[in-house]
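Trainee: Need a 3D model of the following:
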Amino acid sequence: MKKNMGTLDRVVRVLIALAIGWFIFTGKITGILAIVLGIGAVAFVVSSFVGTCPGYLPFGFSTCKKSTD
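Mentor: The predicted structure is shown next:
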């Protein structure tokens with residue numbers, strides 16, 4: 001898959017995932033909401049490491065810098 005996420009986008013997603021994890025770990029978020037947000041946090045981390053966001057693909061959206069070849 002072609003990468004469509006820039007560095008800032010990837011860092012922000014990891015930080016959001018860490019914040020969600022912290023809220024779940026400390027018990028501030030519980031129940032179904034914790035499960036849903038936890039799954040979303042895992043998806044954020046995976047997409048950040050892969051560099052591709054499946055949600056951007058249908059719209060042709062990209063946060064990567066354009067190469068000047």
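
Trainee: Find the residue at the geometric middle of the chain.
Mentor: Closest to where the C-alpha atoms of the chain average out (C-alpha atoms, centre = their mean) is Phe44, at 2.4 Å.

Trainee: need the contact list for that one.
Mentor: 13-14, 16-17 (C-beta atoms under 8 Å, 6 or more residues apart in numbering). Bear in mind the C-beta positions are built from the backbone N, C-alpha and C, glycine included.

Trainee: again, 10 Å this time
Mentor: 10, 12-18, 20, 53 (C-beta atoms under 10 Å, 6 or more residues apart in numbering).

Trainee: can you map out the helices along the chain?
Mentor: 7-25, 31-50 (DSSP state H).

Trainee: For the residue lying closest to Val50 once chain neighbours are set aside, give me its contacts.
Mentor: Take Val50 and drop its neighbours on the chain: the residue closest to it by C-beta to C-beta, 6 or more residues apart in numbering is Met1, 7.4 Å away. Residues in contact with Met1 (C-beta under 10 Å, 6+ apart) are 50-54, 57.

Trainee: Not counting its own residues, what contacts stretch 5-12?
Mentor: Against stretch 5-12 from outside (C-beta under 10 Å, 6+ apart): 3, 13, 44-45, 47-53, 56, 61-65.
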